[in-house]
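> Here you go, sequence then predicted model.
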Amino acid sequence: MKKKKIAADFLYCVGAVGMMNAVLQLIVYPVINNRVGENEFGNMLFLLGILNILAPSFGQGTANARLVMPERETLKNKEYILTLGIFSIISAVISGIVGAARISTAVGIVMFVYIIVMSIYRMYACVEYRLSLEFKRQFVFYLALSIGYILGLLIFWKSEQWYWVFILGETIAVLYVFLTGNVLRHQSEKTEERFSEVFKSAFVLSASYLLTNILLNLDRFILAYMIDSEAVSQYYVLSLLGKTMAIISGPVNSILIGYITKGNQKIKTKSYLKGVGLLVGFGLLALVACSIVTPIYIKILYPNLYEAVVDLNVLVNVAQIFYFLTNVLLVIILTMCEIRWQFVIQVVYAVIFVGSAIVLTAQKGLLGFSIAACISSILYFLLTTIVGFVFAKKNGNRQK
(Lines give C-alpha, C1' and ligand atoms only; values in the text may rest on other atoms or scores of the structure.)
Protein backbone atom coordinates (compact mmCIF):
# COMPACT_ATOMS: atom_id res chain seq x y z
CA MET A 1 0.00 0.00 0.00
CA LYS A 2 2.80 2.40 0.89
CA LYS A 3 4.61 1.72 -2.40
CA LYS A 4 1.41 2.46 -4.31
CA LYS A 5 0.99 5.75 -2.45
CA ILE A 6 4.60 6.75 -3.18
CA ALA A 7 4.10 5.93 -6.86
CA ALA A 8 0.87 7.94 -6.92
CA ASP A 9 2.56 10.85 -5.15
CA PHE A 10 5.38 10.77 -7.70
CA LEU A 11 2.90 10.91 -10.57
CA TYR A 12 1.02 13.79 -8.96
CA CYS A 13 4.28 15.71 -8.43
CA VAL A 14 5.71 15.14 -11.90
CA GLY A 15 2.31 15.80 -13.46
CA ALA A 16 1.94 19.04 -11.54
CA VAL A 17 5.37 20.43 -12.46
CA GLY A 18 5.02 19.08 -16.01
CA MET A 19 1.69 20.86 -16.40
CA MET A 20 3.14 24.16 -15.19
CA ASN A 21 6.14 23.91 -17.53
CA ALA A 22 3.98 22.88 -20.47
CA VAL A 23 1.90 26.02 -19.97
CA LEU A 24 5.04 28.15 -19.83
CA GLN A 25 7.03 26.50 -22.64
CA LEU A 26 4.24 25.72 -25.10
CA ILE A 27 1.82 28.60 -24.50
CA VAL A 28 3.18 31.54 -22.49
CA TYR A 29 6.70 31.94 -23.88
CA PRO A 30 5.80 31.50 -27.58
CA VAL A 31 2.90 33.97 -27.30
CA ILE A 32 5.06 36.57 -25.54
CA ASN A 33 7.89 36.09 -28.06
CA ASN A 34 5.55 36.59 -31.03
CA ARG A 35 3.91 39.60 -29.42
CA VAL A 36 6.89 41.64 -28.18
CA GLY A 37 9.73 40.47 -30.43
CA GLU A 38 13.08 38.83 -29.82
CA ASN A 39 14.75 41.76 -28.05
CA GLU A 40 12.13 42.24 -25.34
CA PHE A 41 11.65 38.49 -25.03
CA GLY A 42 15.39 38.11 -24.42
CA ASN A 43 15.22 40.83 -21.77
CA MET A 44 12.36 38.97 -20.09
CA LEU A 45 14.38 35.74 -20.04
CA PHE A 46 17.30 37.58 -18.46
CA LEU A 47 15.06 38.98 -15.71
CA LEU A 48 13.47 35.58 -15.16
CA GLY A 49 16.97 34.21 -14.77
CA ILE A 50 17.31 36.47 -11.70
CA LEU A 51 13.98 35.09 -10.45
CA ASN A 52 15.18 31.53 -11.03
CA ILE A 53 18.20 32.23 -8.81
CA LEU A 54 16.54 34.08 -5.92
CA ALA A 55 13.09 32.50 -5.53
CA PRO A 56 14.03 28.78 -5.45
CA SER A 57 17.08 29.48 -3.29
CA PHE A 58 15.30 31.35 -0.52
CA GLY A 59 11.86 29.72 -0.84
CA GLN A 60 13.00 26.11 -1.06
CA GLY A 61 15.89 26.74 1.33
CA THR A 62 13.46 27.82 4.05
CA ALA A 63 11.06 24.98 3.23
CA ASN A 64 13.75 22.28 3.42
CA ALA A 65 15.12 23.80 6.62
CA ARG A 66 11.67 23.24 8.12
CA LEU A 67 11.49 19.67 6.85
CA VAL A 68 14.83 18.57 8.30
CA MET A 69 14.26 20.12 11.75
CA PRO A 70 13.82 17.27 14.28
CA GLU A 71 10.88 19.04 15.93
CA ARG A 72 9.23 20.03 12.65
CA GLU A 73 5.80 18.75 13.70
CA THR A 74 5.66 21.03 16.74
CA LEU A 75 7.38 24.14 15.37
CA LYS A 76 5.14 27.08 14.61
CA ASN A 77 5.00 29.30 11.52
CA LYS A 78 6.29 32.52 13.01
CA GLU A 79 10.00 31.69 12.77
CA TYR A 80 9.66 30.77 9.11
CA ILE A 81 7.51 33.76 8.19
CA LEU A 82 10.08 36.06 9.79
CA THR A 83 12.86 34.26 7.92
CA LEU A 84 10.99 34.63 4.62
CA GLY A 85 10.49 38.32 5.39
CA ILE A 86 14.24 38.86 5.74
CA PHE A 87 14.98 36.91 2.56
CA SER A 88 12.27 38.84 0.73
CA ILE A 89 13.81 42.19 1.69
CA ILE A 90 17.23 41.03 0.48
CA SER A 91 15.72 39.79 -2.78
CA ALA A 92 13.69 42.97 -3.27
CA VAL A 93 16.85 45.08 -3.02
CA ILE A 94 18.76 42.86 -5.46
CA SER A 95 15.91 42.64 -7.98
CA GLY A 96 15.28 46.37 -7.66
CA ILE A 97 18.90 47.14 -8.57
CA VAL A 98 18.84 44.71 -11.50
CA GLY A 99 15.44 45.99 -12.60
CA ALA A 100 16.63 49.59 -12.56
CA ALA A 101 19.37 48.63 -15.03
CA ARG A 102 17.11 46.59 -17.36
CA ILE A 103 13.58 48.05 -17.06
CA SER A 104 12.70 51.47 -18.41
CA THR A 105 9.75 52.35 -16.14
CA ALA A 106 9.33 52.62 -12.38
CA VAL A 107 6.07 50.67 -12.58
CA GLY A 108 7.86 47.84 -14.39
CA ILE A 109 10.54 47.72 -11.68
CA VAL A 110 7.92 47.52 -8.93
CA MET A 111 6.06 44.76 -10.78
CA PHE A 112 9.29 42.80 -11.21
CA VAL A 113 10.17 43.12 -7.51
CA TYR A 114 6.65 41.97 -6.59
CA ILE A 115 7.01 38.87 -8.79
CA ILE A 116 10.31 37.96 -7.10
CA VAL A 117 8.87 38.29 -3.58
CA MET A 118 5.66 36.39 -4.36
CA SER A 119 7.68 33.64 -6.05
CA ILE A 120 9.73 33.18 -2.87
CA TYR A 121 6.53 32.69 -0.86
CA ARG A 122 5.11 30.38 -3.53
CA MET A 123 8.25 28.21 -3.48
CA TYR A 124 8.07 28.01 0.32
CA ALA A 125 4.32 27.32 0.32
CA CYS A 126 4.91 23.87 -1.21
CA VAL A 127 6.13 22.75 2.23
CA GLU A 128 2.43 22.56 3.15
CA TYR A 129 2.11 19.37 1.14
CA ARG A 130 5.53 17.96 1.95
CA LEU A 131 4.73 18.10 5.67
CA SER A 132 1.36 16.42 5.23
CA LEU A 133 2.37 14.18 2.27
CA GLU A 134 -0.83 15.30 0.51
CA PHE A 135 0.60 15.53 -2.99
CA LYS A 136 -2.82 15.39 -4.63
CA ARG A 137 -3.50 18.80 -3.12
CA GLN A 138 -0.12 19.95 -4.43
CA PHE A 139 -1.35 19.07 -7.92
CA VAL A 140 -4.31 21.41 -7.39
CA PHE A 141 -1.84 24.07 -6.18
CA TYR A 142 0.10 23.83 -9.45
CA LEU A 143 -3.16 23.80 -11.40
CA ALA A 144 -4.08 27.11 -9.75
CA LEU A 145 -0.62 28.46 -10.63
CA SER A 146 -0.99 27.40 -14.28
CA ILE A 147 -4.49 28.89 -14.56
CA GLY A 148 -3.10 32.11 -13.11
CA TYR A 149 -0.40 32.19 -15.81
CA ILE A 150 -3.02 31.80 -18.55
CA LEU A 151 -5.25 34.51 -17.04
CA GLY A 152 -2.22 36.78 -16.84
CA LEU A 153 -1.50 36.04 -20.49
CA LEU A 154 -4.92 37.44 -21.38
CA ILE A 155 -4.05 40.71 -19.63
CA PHE A 156 -0.65 40.70 -21.35
CA TRP A 157 -2.35 40.40 -24.74
CA LYS A 158 -4.03 43.76 -24.14
CA SER A 159 -1.28 45.55 -22.20
CA GLU A 160 1.89 43.95 -23.68
CA GLN A 161 3.27 43.88 -20.12
CA TRP A 162 4.58 40.34 -19.57
CA TYR A 163 4.80 40.92 -15.82
CA TRP A 164 1.05 40.28 -15.52
CA VAL A 165 1.50 36.61 -16.42
CA PHE A 166 3.63 35.99 -13.34
CA ILE A 167 1.87 38.46 -11.06
CA LEU A 168 -1.42 36.61 -11.43
CA GLY A 169 0.09 33.13 -11.43
CA GLU A 170 2.22 33.56 -8.30
CA THR A 171 -0.45 35.52 -6.42
CA ILE A 172 -3.22 32.99 -7.08
CA ALA A 173 -0.97 30.10 -6.02
CA VAL A 174 0.05 31.80 -2.75
CA LEU A 175 -3.56 32.75 -2.00
CA TYR A 176 -4.63 29.14 -2.56
CA VAL A 177 -2.20 27.90 0.12
CA PHE A 178 -3.08 30.76 2.47
CA LEU A 179 -6.82 30.02 2.22
CA THR A 180 -6.65 26.20 2.28
CA GLY A 181 -3.48 25.45 4.25
CA ASN A 182 -1.65 26.42 7.43
CA VAL A 183 2.02 27.23 6.75
CA LEU A 184 1.41 30.87 5.73
CA ARG A 185 -0.99 31.70 8.53
CA HIS A 186 0.03 33.72 11.58
CA GLN A 187 -0.05 31.82 14.87
CA SER A 188 -0.29 33.54 18.21
CA GLU A 189 2.01 31.22 20.15
CA LYS A 190 5.28 32.79 21.31
CA THR A 191 8.07 30.92 19.57
CA GLU A 192 10.66 33.65 18.93
CA GLU A 193 13.26 31.78 20.99
CA ARG A 194 13.70 29.32 18.09
CA PHE A 195 14.12 32.01 15.42
CA SER A 196 17.93 32.11 15.44
CA GLU A 197 18.11 28.33 15.03
CA VAL A 198 15.57 28.34 12.20
CA PHE A 199 17.18 31.29 10.42
CA LYS A 200 20.66 29.78 10.64
CA SER A 201 19.47 26.51 9.13
CA ALA A 202 17.51 28.28 6.37
CA PHE A 203 20.41 30.64 5.65
CA VAL A 204 22.94 27.81 5.18
CA LEU A 205 20.58 25.87 2.90
CA SER A 206 19.65 29.00 0.94
CA ALA A 207 23.31 29.89 0.44
CA SER A 208 23.89 26.39 -0.90
CA TYR A 209 20.90 26.66 -3.27
CA LEU A 210 21.99 30.14 -4.37
CA LEU A 211 25.27 28.65 -5.46
CA THR A 212 23.46 25.82 -7.27
CA ASN A 213 21.06 28.15 -9.09
CA ILE A 214 23.77 30.62 -10.04
CA LEU A 215 25.76 27.75 -11.53
CA LEU A 216 22.66 26.48 -13.32
CA ASN A 217 22.38 29.84 -15.11
CA LEU A 218 26.10 30.57 -15.35
CA ASP A 219 26.46 29.23 -18.90
CA ARG A 220 24.76 32.36 -20.28
CA PHE A 221 27.29 34.68 -18.65
CA ILE A 222 30.44 32.71 -19.47
CA LEU A 223 29.46 32.01 -23.08
CA ALA A 224 28.27 35.57 -23.72
CA TYR A 225 31.48 37.03 -22.30
CA MET A 226 34.00 34.55 -23.75
CA ILE A 227 32.34 33.75 -27.11
CA ASP A 228 29.16 35.56 -28.21
CA SER A 229 25.37 35.63 -27.84
CA GLU A 230 25.00 33.00 -30.58
CA ALA A 231 26.87 30.50 -28.40
CA VAL A 232 24.41 31.28 -25.59
CA SER A 233 21.50 30.40 -27.91
CA GLN A 234 23.22 27.21 -29.08
CA TYR A 235 23.90 25.92 -25.57
CA TYR A 236 20.41 26.91 -24.44
CA VAL A 237 18.64 24.78 -27.07
CA LEU A 238 21.03 21.87 -26.43
CA SER A 239 20.55 21.88 -22.67
CA LEU A 240 16.81 22.62 -22.57
CA LEU A 241 15.62 19.00 -22.20
CA GLY A 242 18.40 18.16 -19.76
CA LYS A 243 17.56 21.19 -17.65
CA THR A 244 13.95 20.07 -17.70
CA MET A 245 15.18 16.96 -15.88
CA ALA A 246 16.61 19.30 -13.24
CA ILE A 247 13.13 20.80 -12.88
CA ILE A 248 11.70 17.31 -12.37
CA SER A 249 14.17 16.87 -9.50
CA GLY A 250 11.99 19.32 -7.54
CA PRO A 251 8.99 17.00 -7.12
CA VAL A 252 11.27 13.98 -6.77
CA ASN A 253 13.06 15.76 -3.93
CA SER A 254 9.73 16.70 -2.37
CA ILE A 255 8.68 13.07 -2.09
CA LEU A 256 12.09 11.83 -0.95
CA ILE A 257 12.62 14.36 1.81
CA GLY A 258 8.97 14.18 2.87
CA TYR A 259 8.96 10.41 3.37
CA ILE A 260 12.51 10.06 4.68
CA THR A 261 12.10 12.75 7.36
CA LYS A 262 8.53 11.86 8.33
CA GLY A 263 9.60 9.11 10.69
CA ASN A 264 13.18 10.26 11.32
CA GLN A 265 14.39 7.21 9.38
CA LYS A 266 18.14 6.59 9.15
CA ILE A 267 19.43 5.40 5.78
CA LYS A 268 22.02 2.64 6.02
CA THR A 269 24.63 1.47 3.51
CA LYS A 270 22.60 -1.18 1.69
CA SER A 271 19.58 1.07 1.20
CA TYR A 272 21.80 3.96 0.15
CA LEU A 273 23.67 1.97 -2.50
CA LYS A 274 20.39 0.59 -3.80
CA GLY A 275 19.07 4.14 -4.12
CA VAL A 276 22.20 5.29 -5.95
CA GLY A 277 21.89 2.33 -8.33
CA LEU A 278 18.26 3.19 -9.10
CA LEU A 279 19.23 6.81 -9.69
CA VAL A 280 21.98 5.86 -12.13
CA GLY A 281 19.63 3.49 -13.98
CA PHE A 282 17.01 6.20 -14.29
CA GLY A 283 19.68 8.68 -15.40
CA LEU A 284 20.87 6.39 -18.20
CA LEU A 285 17.33 6.01 -19.50
CA ALA A 286 16.84 9.78 -19.32
CA LEU A 287 20.13 10.32 -21.16
CA VAL A 288 19.09 8.03 -24.01
CA ALA A 289 15.68 9.74 -24.25
CA CYS A 290 17.11 13.28 -24.18
CA SER A 291 19.84 12.43 -26.70
CA ILE A 292 17.25 11.08 -29.14
CA VAL A 293 14.66 13.82 -28.71
CA THR A 294 16.98 16.87 -28.55
CA PRO A 295 18.11 16.80 -32.23
CA ILE A 296 14.50 16.28 -33.35
CA TYR A 297 13.08 19.27 -31.51
CA ILE A 298 16.03 21.48 -32.50
CA LYS A 299 15.49 20.51 -36.15
CA ILE A 300 11.82 21.48 -35.87
CA LEU A 301 11.97 24.58 -33.66
CA TYR A 302 15.50 25.90 -34.24
CA PRO A 303 16.55 24.71 -37.73
CA ASN A 304 19.09 27.52 -38.12
CA LEU A 305 21.07 26.19 -35.13
CA TYR A 306 20.89 22.49 -35.95
CA GLU A 307 24.14 22.04 -37.89
CA ALA A 308 26.18 24.01 -35.35
CA VAL A 309 25.06 22.07 -32.27
CA VAL A 310 24.07 18.53 -33.25
CA ASP A 311 27.58 17.09 -32.61
CA LEU A 312 27.50 18.32 -29.00
CA ASN A 313 24.15 16.70 -28.24
CA VAL A 314 25.26 13.74 -26.11
CA LEU A 315 28.02 15.65 -24.31
CA VAL A 316 25.69 18.41 -23.12
CA ASN A 317 22.96 15.97 -22.10
CA VAL A 318 25.44 13.93 -20.03
CA ALA A 319 26.32 17.12 -18.15
CA GLN A 320 22.69 18.01 -17.48
CA ILE A 321 21.58 14.49 -16.48
CA PHE A 322 24.42 14.00 -13.97
CA TYR A 323 23.67 17.45 -12.56
CA PHE A 324 20.04 16.36 -12.10
CA LEU A 325 21.04 13.06 -10.44
CA THR A 326 23.32 14.87 -8.01
CA ASN A 327 20.58 17.30 -6.96
CA VAL A 328 18.36 14.34 -6.04
CA LEU A 329 21.22 12.61 -4.22
CA LEU A 330 22.02 15.77 -2.25
CA VAL A 331 18.52 15.73 -0.76
CA ILE A 332 19.03 12.13 0.38
CA ILE A 333 22.33 12.85 2.13
CA LEU A 334 20.82 16.01 3.64
CA THR A 335 18.79 13.68 5.86
CA MET A 336 21.95 11.88 7.04
CA CYS A 337 24.49 14.62 7.74
CA GLU A 338 24.87 18.24 8.80
CA ILE A 339 23.55 20.86 6.37
CA ARG A 340 27.04 22.34 5.90
CA TRP A 341 28.15 19.26 3.95
CA GLN A 342 25.80 20.14 1.10
CA PHE A 343 27.34 23.60 0.93
CA VAL A 344 30.89 22.19 0.98
CA ILE A 345 30.12 19.79 -1.88
CA GLN A 346 28.64 22.57 -3.98
CA VAL A 347 31.56 24.92 -3.36
CA VAL A 348 33.97 22.22 -4.56
CA TYR A 349 31.81 21.69 -7.65
CA ALA A 350 31.65 25.43 -8.31
CA VAL A 351 35.45 25.79 -8.21
CA ILE A 352 35.92 22.83 -10.58
CA PHE A 353 33.20 23.98 -12.97
CA VAL A 354 34.11 27.66 -13.20
CA GLY A 355 37.86 26.97 -13.42
CA SER A 356 37.57 24.29 -16.10
CA ALA A 357 34.91 26.22 -18.04
CA ILE A 358 37.07 29.34 -18.31
CA VAL A 359 40.18 27.40 -19.36
CA LEU A 360 38.51 25.01 -21.83
CA THR A 361 36.17 27.63 -23.33
CA ALA A 362 39.18 29.84 -24.06
CA GLN A 363 40.87 26.92 -25.81
CA LYS A 364 38.01 25.18 -27.64
CA GLY A 365 35.02 27.51 -27.57
CA LEU A 366 31.58 25.96 -27.13
CA LEU A 367 33.05 22.44 -27.34
CA GLY A 368 35.42 23.28 -24.49
CA PHE A 369 32.60 24.64 -22.35
CA SER A 370 30.54 21.49 -23.00
CA ILE A 371 33.49 19.27 -21.99
CA ALA A 372 33.98 21.29 -18.79
CA ALA A 373 30.28 21.01 -17.91
CA CYS A 374 30.31 17.26 -18.53
CA ILE A 375 33.44 16.53 -16.47
CA SER A 376 32.35 18.81 -13.63
CA SER A 377 28.89 17.22 -13.38
CA ILE A 378 30.32 13.68 -13.26
CA LEU A 379 32.82 14.66 -10.53
CA TYR A 380 29.98 16.43 -8.67
CA PHE A 381 27.98 13.20 -8.68
CA LEU A 382 30.94 11.05 -7.59
CA LEU A 383 31.86 13.40 -4.73
CA THR A 384 28.27 13.47 -3.48
CA THR A 385 28.01 9.67 -3.73
CA ILE A 386 31.17 9.22 -1.63
CA VAL A 387 30.04 11.65 1.09
CA GLY A 388 26.63 9.93 1.25
CA PHE A 389 28.27 6.50 1.50
CA VAL A 390 30.44 7.61 4.44
CA PHE A 391 27.43 8.86 6.43
CA ALA A 392 25.26 5.87 5.49
CA LYS A 393 28.02 3.62 6.83
CA LYS A 394 28.12 5.63 10.07
CA ASN A 395 24.35 5.20 10.45
CA GLY A 396 24.75 1.44 10.07
CA ASN A 397 27.54 1.30 12.66
CA ARG A 398 25.48 3.25 15.22
CA GLN A 399 22.59 0.78 15.00
CA LYS A 400 24.72 -2.36 15.49
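Structure received.
> How many residues are close by Val107?
Around Val107 sit 11 other residues, with neighbours defined as other Cβ atoms under 10 Å. Bear in mind the C-beta positions are built from the backbone N, C-alpha and C, glycine included.
> and the next element down the chain from the strand or helix carrying it?
Per DSSP states H and E: Val107 is located in helix 106-125. Proceeding N to C from helix 106-125, the next assigned helix or strand is helix 127-132, under DSSP H and E.
> now for that following helix, which elements pack on it?
helix 38-68, helix 135-159, helix 229-262 (3 or more Cβ pairs under 8 Å, 6 or more residues apart in numbering; DSSP states H and E).
> and His184, helix, strand or coil?
I think there's a mix-up here, since residue 184 is Leu and not His. coil (DSSP: H, G, I helix; E, B strand; the rest coil).
> Could you number the chain from 4 rather than 1 from now on?
Right, with 4 as the first residue, what we last looked at is Leu187.
> about what we covered before: quick check: which of the helices and strands packed on helix 130-135 is nearest to Val180?
Closest approach to Val180 among the helices and strands packed on helix 130-135 (Cβ to Cβ): helix 138-162, 6.5 Å.
> Name the next helix or strand downstream of that closest one, please.
As assigned by DSSP H and E, the chain's next helix or strand after helix 138-162 is helix 166-183.
> Quick one: mean pLDDT over that next one.
Helix 166-183 shows a mean pLDDT of 93.
> Repeat that for stretch 311-327.
Here stretch 311-327 scores 88 as its mean pLDDT.
> Mind listing residues that contact it?
Defining contact as Cβ atoms under 8 Å, 6 or more residues apart in numbering, one finds that stretch 311-327 is touched by 219, 237-238, 240-242, 244-246, 248-249, 251-252, 286, 289-290, 293-294, 297-298, 301, 369-370, 373-374, 376-377, 379-381, 383-384.
> host element of Phe206?
Here Phe206 is assigned to helix 198-229, by DSSP H and E.
> Tell me how far that helix lies from the chain's centre.
How far helix 198-229 lies from its chain's middle: 10 Å, per Cα atoms, centre = their mean, to the nearest Å.
> Stretch 128-139 too?
Offset of stretch 128-139 from its chain centre (Cα atoms, centre = their mean): 17 Å.
> repeat for stretch 368-376
That offset, for stretch 368-376, works out to 23 Å (Cα atoms, centre = their mean).
> Could you list the buried residues of that stretch?
369, 371-376 (16 or more other Cβ atoms under 10 Å).
> Which single one of those is nearest to Val143?
Of the buried residues of stretch 368-376, the one sitting nearest to Val143 (Cβ to Cβ) turns out to be Ala376, at 36.7 Å.
> so what's the closest one closest to, chain neighbours aside?
Distances taken as Cβ to Cβ, 6 or more residues apart in numbering place Ala322 nearest to Ala376, at 3.9 Å, with adjacent residues excluded.
> any idea how far Leu241 is from the one you found?
10 Å (Cβ to Cβ, to the nearest Å).
> average model confidence for stretch 349-361?
90.
> Any chance you could list what contacts it?
Outside stretch 349-361, the residues that reach it (Cβ under 8 Å, 6+ apart) are 211, 214-215, 218, 221, 225, 229, 333, 371-372, 374-376, 378-379, 382-383, 386.
> Kind regards, and thank you for your time.
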